[in-house]
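Engineer: Test case, fold it:
(chains A, B, C and D)
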2 protein chains.
Amino acid sequence: MPTKKYHVPALERALDVIDLIALHESDLSFSEILNSLNIPRPSLARILKILTDRGIITKTGKRGLYSLGMKLLYLGNRLESKLKLKSVAWPFMQELALKTGKTIELSTLDRDQLILIDQIEGNEGVRLFSRIGSAYPYFHTLAAGKIYLAHMEKEKMKDVLRKIGLPTVTKHTITDIDQLEEELSNIMKNGYAFEDQELREGVRRVVAPIYDSHRSLTGCIGIASPIFSFTYEDREYLGRMVKEVAEKISSGMGAK
Amino acid sequence: MPTKKYHVPALERALDVIDLIALHESDLSFSEILNSLNIPRPSLARILKILTDRGIITKTGKRGLYSLGMKLLYLGNRLESKLKLKSVAWPFMQELALKTGKTIELSTLDRDQLILIDQIEGNEGVRLFSRIGSAYPYFHTLAAGKIYLAHMEKEKMKDVLRKIGLPTVTKHTITDIDQLEEELSNIMKNGYAFEDQELREGVRRVVAPIYDSHRSLTGCIGIASPIFSFTYEDREYLGRMVKEVAEKISSGMGAK
DNA sequence: TAATTTAGTATCATATATGATATTTTATAT
DNA sequence: ATATAAAATATCATATATGATACTAAATTA
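Structural biologist: Numbering: from 1, shown residues only, chains lettered A, B, ... in the order given. Below you'll find the predicted structure:
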C-alpha cells in the first residue's frame, strides 16, 4: 500500500530507536541498535546524540548502553495528570476494588486502539490485562472492545471488523459475526458487556461504558477476575454493580 | 557558545513540539504551535502528522487540538518498571511513610540533574517537592543535591558549583562555598544530609544516600515535612531513621 | 448567505541533512 | 603491555528533505 505519505526520515528513525529501546528489557548498545534498524552509522550517532541531549534516552555506563530517559517519565506523568477521566474515575475504582476484591480496570480509546489507562490489582494476584498504556487490537475478544463496537455506527463497525477480522484467541473467542452482532445489541440493552474467557482462558470480565458531557463514549470501567472467583452466574450482579459505578463516573465527567 | 554540534533539525523540532504541548495545561491548535515555534508551516504539518501517526501526540476534536498521546504513557510506564531502584525502594518508603506520617521522596541523578522518581505524600498535605519526573538544578539548596555534591570528586564538585553558582533561593540558602564544603564533609560523616528551608521557606528535609552493587551512589531517599511538625532537633532521630532505611535499600540493590 | 479565520495540501527549486568511507578514540580481552 | 573490538567523529559529494508561495477545504462568525 504505497499511499503517498509525508517523509521526515530523521524523526521516524528516532521514533524507531525509542520503540526499540522501550521494547527491550535490557539496555542496548550502539551496535545493537545499528544492527536492528536500517540506519547508517553516522545518522544513528546524530540521532542518539540529540535524543540523549534532550533526555529522551540515557546513556549508562562507560561502554554506553542506551536506555529510556527520565524525560519520558516526565512526559508520561504530564499526560496522566491531564487525563481527567482517570482522576474522576479513581475514587470509584477504589470503591469497587474494596467491595469486590477483584481487579478493576479503566480503559479508553486512542487512535482506534483500546488503551488501559489505570488498574487496581485484585486479591487474586493474577495479571489479567496488561501493562498500563499498552494497546490491544482484538476488540471482539474484550468486553471493553465490544462496548466500543456496540457504540459505533453499524457501517463503521463492519469496516473495523473487516479490517481486523475475528481471529481466534482462545477457544471461547466469538468468531461468528452474527453471534457478535447479537451480543452487541444485548450490550446496549443491558448497559454492560460480559467477556467469558474470550481473550484469555480462565478470565472473566464485566465492563460498562462511561460517557462525557457530550454523551459520547469516553471510556470503560471493568471488573476482572479468574473464573474460580467469578462464576458465569456472577455476571449479573457484577454487571449491575459496574454499570451503576460507570453511571456515577459519567456524571462526574459532566454527562447528564 | 557556538560549540560545533550535530544538526538533525526535524528531530529537534519534533522534540520542541512535544515539549511545548507538555508544558501547556490545555491542548494546542496548529496555529498556536506554529506561532510559538519557529517552524515553517509545511514542515510543522509533516512533523505533526508523523507524531500523531505514531501516537506520541493525539489530535482531538474536529478543529484539531493537539495533546500528548498515549504512547507517552506507555513509554513512561515502561521506563518506570525498568527502574529497579523504585521497585526495591517502594516497600521501605511505605514503611517510612507509616512510621512518620511525613512525605517520603525517592530521587536519582540523570544527566547531571536531580530527578524525583517517586513520592508518598504525607499527612500534612503540603506539596513539598514537585512533579514526579521533574528536574531540579540547584544542588546546594537540596539535601539530595548536597549528597550528590558530597560524593563527587572535589574537582568535579567545584566545576559544577562554578557552573551553576550558589544562587539565593530562600534566606536560608547556603551561599558561602566554605560553609557548603564544611557541610558536605559532615554529610559523609553522618550518613545523611539535612536541608533547613534552603529550597523552600517552611520546609525541612533529611535525606540519605542509596548505593548499588558497585557501591556507587544510585539514588537518595528522604523525609520531608513542614517545619511545624519537623523541628530543628528532630533532624537527629529522623536522620538516623532515614539512614537506616537507605542502608536496607542499598542491600536490596545488591550493595554489600 | 457571505465573510473570515484556521487547518491542511501542492508544487518544486535549492539549501542542507545525509551517508559511504575512513580515521580516531576508548574500552575490553589476551 | 598489546591486540582487538566497539564507539564516536571527520569529511564532503549529492540525494533529498525542506520551505516560500500559493492554494483548497472546512469550520466558525456576522
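Engineer: Spatially, what comes nearest to the spatially most central residue of chain A if we skip its sequence neighbours?
Structural biologist: What sits nearest the mean C-alpha location of chain A, by C-alpha atoms, centre = their mean, is residue A:115, with 2.0 Å. Closest residue in space to residue A:115, ignoring its immediate chain neighbours: residue B:70 at 4.8 Å, by C-beta to C-beta, 6 or more residues apart in numbering or on different chains. For every residue, glycine as well, the C-beta is placed using N, CA and C.
Engineer: is it true that the one you found touches residue B:57?
Structural biologist: No: checked against C-beta atoms under 8 Å, the pair residue B:70 and residue B:57 is beyond contact range at 9.9 Å.
Engineer: Between the two, which is the more surrounded one?
Structural biologist: Counted by other C-beta atoms under 10 Å in any protein chain shown, residue B:70 and residue B:57 do not tie: residue B:57 has more neighbours, with 28 against 25.
Engineer: Bridge partners for that one, pull those for me.
Structural biologist: In this entry, residue B:57 is beta-bridged to residue B:68, by DSSP bridges.
Engineer: for it, what are its contacts?
Structural biologist: If a contact means C-beta atoms under 8 Å, 6 or more residues apart in numbering or on different chains, then residue B:57 has B:17, B:18, B:21, B:48, B:51, B:66, B:67, B:68, B:69 as its contacts.
Engineer: go with 6 Å
Structural biologist: Counting by C-beta atoms under 6 Å, 6 or more residues apart in numbering or on different chains, residue B:57 makes contact with B:51, B:66, B:69.
Engineer: Residue A:230 too?
Structural biologist: Residues in contact with residue A:230 (C-beta under 6 Å, 6+ apart) are residue A:204.
Engineer: Spell out the residue ranges of the strands in the stretch 1-150 of chain A.
Structural biologist: With strands called from DSSP state E, counting those that start in this stretch, the stretch 1-150 of chain A shows them at A:28-29, A:57-60, A:65-68, A:103-110, A:113-120, A:135-136.
Engineer: any chance of the ones you listed in CSV, with mean pLDDT too?
Structural biologist: Below are those laid out as CSV (pLDDT from 0 to 100):
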stretch, mean pLDDT
strand A:28-29, 88
strand A:57-60, 85
strand A:65-68, 89
strand A:103-110, 87
strand A:113-120, 83
strand A:135-136, 76
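Engineer: most packed of those?
Structural biologist: Comparing those by mean neighbour count (mean count of other C-beta atoms under 10 Å in any protein chain shown), strand A:103-110 comes out on top with a mean of 23.
Engineer: What angle do strand A:113-120 and that one make with each other?
Structural biologist: 150 degrees (axes from the mean of the first three to the mean of the last three C-alpha atoms, to 10 degrees).
Engineer: From the chain's centroid, how far away is strand A:103-110?
Structural biologist: In terms of C-alpha atoms, centre = their mean, to the nearest Å, the gap separating the centre of strand A:103-110 from the centre of its chain is 6 Å.
Engineer: After the helix or strand that contains residue A:194, which helix or strand is next?
Structural biologist: Per DSSP states H and E: residue A:194 is located in strand A:193-196. Sequence-wise, the next helix or strand downstream of strand A:193-196 (DSSP H and E) is strand A:203-211.
Engineer: Not counting that following strand itself, show me its contacts.
Structural biologist: With C-beta under 6 Å, 6+ apart as the test, strand A:203-211 has contacts from A:128, A:143-144, A:147, A:192-196, A:217-224, A:227, A:230, A:235, A:238-239, A:242-243, A:246, A:249-250, A:255.
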